[in-house]
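**Student:** okay, sequence plus prediction incoming.
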Amino acid sequence: MDQFIDAFGLREKMDELDITTAWDDVVGGMVARHTVSVRLRRGRLNIKVDSAPLRQELTYMRETLVEVLNKRAGRKVVQEIVLE
């Protein structure tokens with residue numbers, strides 16, 4: 001199955017779907033409600049939130065979030081998190 005996904009170039013889209021789905025569970029309901037968008041492109045997870053204080057708080061948690069999201073994915077999918 002993995003060969004099929006890789007052969008058709010679907011790996012990045014599948015990874016993005018996995019990570020965006022996991023985001024709400026990983027960060028919890030309050031953060032999820034203030035998250036405007038979650039996009040994964042080439043290992044860079046772009047998170048847009050509607051609150052400046054929340055964005056600052058998430059900035060401090062970036063490394064931990066990368067570890068947790070990659071653990072849930074079962075491999076290194078997220079290289080970095082960029083907060084917008």
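**Tutor:** Received, thanks. Numbers count the residues shown, from 1 in each chain.

**Student:** any low-confidence regions in this structure?
**Tutor:** For the chain, the stretches flagged by pLDDT under 70 are 1-9.

**Student:** helices along that one, start to end?
**Tutor:** Assigned by DSSP state H, the helices in the chain fall at 2-7, 11-27, 29-34, 52-73.

**Student:** and those helices: which comes nearest residue 84?
**Tutor:** Proximity to residue 84, assessed across those by C-beta to C-beta, is greatest for helix 52-73 (7.8 Å). Where C-beta positions appear, they are placed from N, C-alpha and C, glycine not excepted.

**Student:** can you pull the contacts of the nearest residue to residue 47 once chain neighbours are set aside?
**Tutor:** Excluding the flanking residues, the one nearest residue 47 by C-beta to C-beta, 6 or more residues apart in numbering is residue 83, at 5.3 Å. Residues in contact with residue 83 (C-beta atoms under 8 Å, 6 or more residues apart in numbering) are 47, 48, 49, 55, 58, 59, 62.

**Student:** out of those, flag the one nearest to residue 15.
**Tutor:** residue 47 (15.3 Å).

**Student:** next, count neighbours for the closest one.
**Tutor:** 22 (other C-beta atoms under 10 Å).

**Student:** just to revisit the earlier point, for the helices of the chain, which one sits closest to residue 41?
**Tutor:** That would be helix 11-27 among the helices of the chain, by C-beta to C-beta, at 7.6 Å.

**Student:** what's in contact with the closest one?
**Tutor:** 5, 32, 35, 38-42, 45, 47, 58, 65, 68-69, 72-73, 77-78.

**Student:** quick one: residue 77 from residue 61, how far?
**Tutor:** 18 Å (C-beta to C-beta, to the nearest Å).

**Student:** and these two? which has more neighbours close in?
**Tutor:** Set side by side, residue 77 and residue 61 show more neighbours around residue 77, with 21 against 14, by other C-beta under 10 Å.

**Student:** before I go, just wanted to say thanks for your time.
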